[in-house]
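> When you get a sec, could you give me coordinates for this:
(2 chains)
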Amino acid sequence: MEVPYIVKEREDTGLINSKLGIWIFLASEIMLFGGLFSAYIFLRLAAPPGDFDYWASKLSVPMATVNTMILISSSVSMVMAWASLKLNDFSKYKMYMGITLLCSAIFLVIKYFEYTGKFHHGIYPSSSTFMAIYFTLTGLHGLHILGGIAVMLYFYLPISHGLWREQPEHFSNRVEALGLYWHFVDLVWIFLFPVLYLL
Amino acid sequence: MSSNSHSNDHHDENFIQKYIFSVDHKVIGIQYGITSLLFLLFGFSLMAIMRWQLAYPDTVIPIVGFLFGESGTLASEQYNSLGAMHGTIMIFLGIVPLAVGAFGNYLVPLQIGAVDMAFPKLNAASYWSYFVGGVIMISSFFMPEGAARSGWTSYPPLSIFENGQTIWLISMIFLITSSLLGSMNIIVTIVQLRVPGLTWMRLPLFVWAQFVTSFLLVLAFPPLEAAAVLQLMDRVAGTSFFLPSGLVMSGEIVDVAGSGSPLLWQHLFWFLAHPEVYVLILPALGIVGEILANNTRKPIWGFKSIIYSMVFLGFCSFIVWAHHMFLTGMGQAMSAFFQTTTMIISIPSVIILTSYFLSLWGGSIRFNTPMLFALAFLPMFGIGGLTGLPLGLAASDIYLHDTYYVIGHFHYVVAPGTIFALFAGIYYWFPKITGKKMNEMLGKLHFWPSLIFMNGIFMPMFIQGLAGVSRRLADGGVSYAHASGVLHLNEFMTTSAFLLGIAQIPFIINIIMSLFSGEKAGRNPWNATTVEWAAPSPPLPHVNFDSDIVVHHSSYEYSNPDAKKDFILQTEK
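Numbers count the residues shown, from 1 in each chain, chains lettered A, B, ... in the order given. Take a look at the predicted model:
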């Protein structure tokens, strides 16, 4: 027997399983990044005055600004991809999903140049507590981007045609869950950017 | 997924699909159960070696002495390793997987009348992540550095420099992932897959307990994952999240960037580890509730208060963590706050326990093995809980902190508390899982010695702790004058521990014997009321129930004067 409420909402809760599941997963993710952000606050309060500002000035604000733009665009295209599925337009979906994938790849490439730039100047996680939390937070965020890319590829590569043709509604539900995750990853960056680069 | 012919294709599953890489919640539950019981046994053996060392310091360890080098005695570092691994294995690989992974997985879908968990594949992933984490943890014994030896709490700075910690952290990340996947699944299953008619207030206590527990796991474990990542960075990338400036080790200033804080780890760690205490106890309270109602043949007294208390307990458990840190110098205001919340959190626990005691009043109690374990749970958990009060008050904690009193306190909660409840659960649901009843005689032979020897181990710890004997001393404290009056108790405790080990033999025999030649159990051998007893024993693979079910009654309709029998199954019209 099939597990119910995968495609159709349960009446009294108004939810499908995957949507509730992804929200609870995101709640746990908030606690994960929340723990790290609290660690940041804790360490900043305990740091010698000016220490965090000094090290933060070594980060490249232009690069991070470009990255912010790129991630926000990817969020928009992710919504468009899901909307195209709802409008039954699979080729548009492919286009928007492709844009999202491209944006996330560009984000990681820019991040790569940021990291190697730091390494060239002899700045490593061990250089200071600020750099330590910088590399940990952005590294963990980068891993989340990578995870997102893996799932996006699964829904982008030719394998997705079959999934779509067999169960279009189920497929768009899964893309919606992926989208929720992707917006969360964006949101984390929206917090990371001011906290690490601007404050 | 797209398997629209799921019910037809399970007939031609081969052995590996059916029993190893199964996605059936029942098989995964049993996998969890067997693995975690083995880990419990392993964790117990580590403790037995430590207890030998405490009772007979620096004598050759019998039977397994050859494992500890040529002398056959236990070196201090080895003692530390055993201590750290005993704690880690018992909590993260033994009790939580047994209570949540095994019982939760097996029973929650059955008790809510579902065909499976909401995400069967995620469920399998959860088990295998746990398995890999366990293998990594055990493998650390065979690494050149040896197993972790900084205690299960892994306080820095020690944990940053001690051997074996890296493997511990990697293993923990797997275990955290596993419980995250598992608990998400349980929450979605309970919200979404309840059978028609099964409203929230008709859910049995066990399901409620699992529901609250899962929220604790989902929300409390990620900060520990964050902390583990930070500690891993400290060890591998040379950062100093937890290392203060000017830290001196062996007379030299350590060469790190500094300006980190050891207290930060303690905050992140206890933010998990205090809710974790309730992760250990809530499923046990749920199991005991089921068994008490069944064997007193009465509805549970204060059913709704118990549920509200559980929810409140879960909420409150997030704001008491720093009562583990009164001695760290975090300040009076903090201590006052956390001492107050700690006193508040004792209220719901007392409400639950009192309701259980009152449920016994006027019942016609059946003293079968599950009931004996459940009954023993009540005073044992009571002792564990009440001895916690002096630890929750900052003033008395200054004296008791890090003594054997603490060890006695939390072991009373977890060992004769939770583990007894889990034993009760195994005896109670074994007929459902296997279709065979367990032997009553062997069950009682398991229960009575276990009860006596559990107390034989842990009661003297209070005496030692009040005398001021510190925990985590490889020699048990022989070098301290104030300990000399109470150290003779060690021999008694060690003897009790070995006898407790022997007392588990009837249990093992009972499981194996009952599996092959136990008396056949029908669908409902205990005349119980909850939904799982409407399924065949064992429930059908992948579908559980052989007919469509609808719930018409609340969960404990025992001795209803209007009914013909003394129980009404929830699914009866």
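
> Please, where are all the helices along chain A?
Counting by DSSP state H, chain A has helices at residues A:17-46, A:51-56, A:61-86, A:90-120, A:129-156, A:159-166, A:168-192.

> Compare those and say which comes out lowest on pLDDT.
Ranked by mean pLDDT, the helices of chain A bottom out at helix A:159-166, with a mean of 90.

> With distance to chain B and mean neighbour count as extra columns, can I get the helices of chain A in CSV?
For glycine as for every other residue, the C-beta is placed from the backbone atoms N, C-alpha and C. Below are the helices of chain A laid out as CSV (distance: least, CB to the nearest CB, whole Å; neighbours: other CB atoms under 10 Å in any protein chain shown):
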stretch, distance to chain B, mean neighbour count
helix A:17-46, 3, 19
helix A:51-56, 7, 16
helix A:61-86, 17, 18
helix A:90-120, 12, 16
helix A:129-156, 4, 19
helix A:159-166, 5, 14
helix A:168-192, 8, 19
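
> Could you check the pLDDT of the residue nearest to A:Phe135 when sequence neighbours are not counted?
Residue nearest to A:Phe135 in three dimensions, not counting chain neighbours: A:Pro125, with 4.3 Å by CB to CB, 6 or more residues apart in numbering or on different chains. As predicted, A:Pro125 sits at a pLDDT of 94.

> neighbours around A:Pro125, how many?
23 (other CB atoms under 10 Å in any protein chain shown).

> what sits against the closest residue to A:Phe90 other than its chain neighbours?
Nearest non-adjacent residue to A:Phe90, counting by CB to CB, 6+ apart: A:Trp164, 5.9 Å away. Contact analysis of A:Trp164 by CB atoms under 8 Å, 6 or more residues apart in numbering or on different chains lists A:85, A:90, A:171.

> With only the CA atoms kept, save stretch A:17-31 in CSV.
Output of stretch A:17-31 as CSV, limited to C-alpha atoms (Å, rounded to 0.1, in the frame of the first residue of the first chain):
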residue,chain,number,x,y,z
ASN,A,17,4.1,15.1,3.7
SER,A,18,7.1,16.6,1.9
LYS,A,19,6.1,20.1,2.6
LEU,A,20,5.9,19.5,6.4
GLY,A,21,9.1,17.4,6.2
ILE,A,22,11.1,20.2,4.5
TRP,A,23,9.8,22.8,6.9
ILE,A,24,10.9,20.7,9.9
PHE,A,25,14.2,20.1,8.2
LEU,A,26,14.6,23.9,7.8
ALA,A,27,13.8,24.4,11.4
SER,A,28,16.7,22.1,12.3
GLU,A,29,18.9,24.1,9.8
ILE,A,30,17.9,27.3,11.5
MET,A,31,19.1,25.8,14.8
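
> Could you list the residues in contact with it?
Outside of stretch A:17-31, the residues within contact range by CB under 8 Å, 6+ apart are A:3, A:5-6, A:13, A:173-174, A:176-177, A:180-181, A:184, B:118-119, B:180, B:184-185, B:187-188, B:191-192, B:218-223.

> out of those residues, which are buried?
With burial judged by 16 or more other CB atoms under 10 Å in any protein chain shown, the buried subset of the contacts of stretch A:17-31 is A:3, A:5-6, A:173-174, A:176-177, A:180-181, A:184, B:118-119, B:180, B:184-185, B:187-188, B:191-192, B:218-223.

> ok, and the closest non-adjacent residue to A:Val61?
Per CB to CB, 6+ apart, closest to A:Val61 is A:Tyr197, 5.3 Å.

> I misspoke; the intended subject was B:Gly197.
Of all residues not flanking B:Gly197 in the chain, B:Val551 sits nearest, at 3.6 Å (CB to CB, 6+ apart).

> pLDDT score assigned to the one you found?
On pLDDT, B:Val551 comes in at 96.

> Near it, how many other residues are there?
Residues within reach of B:Val551, counting by other CB under 10 Å, total 23.

> Enumerate every residue touching it.
B:113, B:195-198, B:202, B:531, B:570-571.

> ditto for A:Ile106
By CB under 8 Å, 6+ apart, A:Ile106 lies in contact with A:Ile70.

> quick one: contacts for B:Met69?
Not Met; residue B:69 is Gly. Contacts of B:Gly69 by CB under 8 Å, 6+ apart are B:Ala75.

> What of B:Ile253?
B:246-247.

> Any idea what it is bridged to?
Beta bridges link B:Ile253 to B:Val248, judged by DSSP bridges.

> Now do it against B:Pro244, distance only.
11 Å (CB to CB, to the nearest Å).

> So for residue 88, what's the nearest residue that isn't a sequence neighbour?
Looking at chain A here, since you left the chain open. Leaving aside its sequence neighbours, A:Asn88 sits nearest to A:Pro168 (CB to CB, 6+ apart; 7.4 Å).

> wait, chain B
Nearest residue to B:Thr88, sequence neighbours excluded (CB to CB, 6+ apart): B:Trp152, at 4.6 Å.

> correct me, but the one you found touches B:Leu82?
No. Between B:Trp152 and B:Leu82 there is no contact under CB atoms under 8 Å: 11.5 Å.

> Grab the longest helix from chain B for me.
Assigned via DSSP H, chain B shows its longest helix as helix B:262-296.

> and the residue of the stretch 351-500 of chain B found nearest chain A, what element?
Proximity of the stretch 351-500 of chain B to chain A (CB to the nearest CB) peaks at B:Lys432, 19.2 Å away. Assigned by DSSP states H and E, B:Lys432 belongs to helix B:420-434.

> next structured bit after that helix?
Scanning forward in sequence from helix B:420-434 by DSSP H and E, the next helix or strand is helix B:440-466.

> Just the mean pLDDT for that following helix, thanks.
For helix B:440-466, mean pLDDT rounds to 97.

> how about it: buried residues?
Using 16+ other CB under 10 Å as the test for burial, helix B:440-466 gives B:442-443, B:445-447, B:449-451, B:453-462, B:464-466.

> now it and helix B:420-434, what's the angle there?
With axes from the mean of the first three to the mean of the last three CA atoms, to 10 degrees as the basis, helix B:440-466 and helix B:420-434 are set at 160 degrees to each other.

> Contacts for the helix or strand following helix B:440-466 next, please.
Next along the chain after helix B:440-466, taking DSSP H and E as the criterion, comes helix B:489-503. Identification of contacts with helix B:489-503 by CB under 8 Å, 6+ apart yields B:44-45, B:47-48, B:51-52, B:54-56, B:446, B:449-450, B:453-454, B:456-457, B:460-461, B:463-464, B:476.

> SS state for the residue of the stretch 301-450 of chain B found nearest chain A?
For the stretch 301-450 of chain B and chain A, the shortest gap (CB to the nearest CB) falls at B:Phe318, measuring 10.1 Å. Under the three-state scheme (DSSP: H, G, I helix; E, B strand; the rest coil), B:Phe318 adopts helix.

> Now do the contacts for the closest residue in space to it that isn't next to it in sequence.
In space, and not counting its chain neighbours, B:Phe318 is closest to B:Pro275: 6.1 Å by CB to CB, 6+ apart. Shown in contact with B:Pro275 (CB under 8 Å, 6+ apart): B:216, B:219-220, B:314, B:317-318, B:321.
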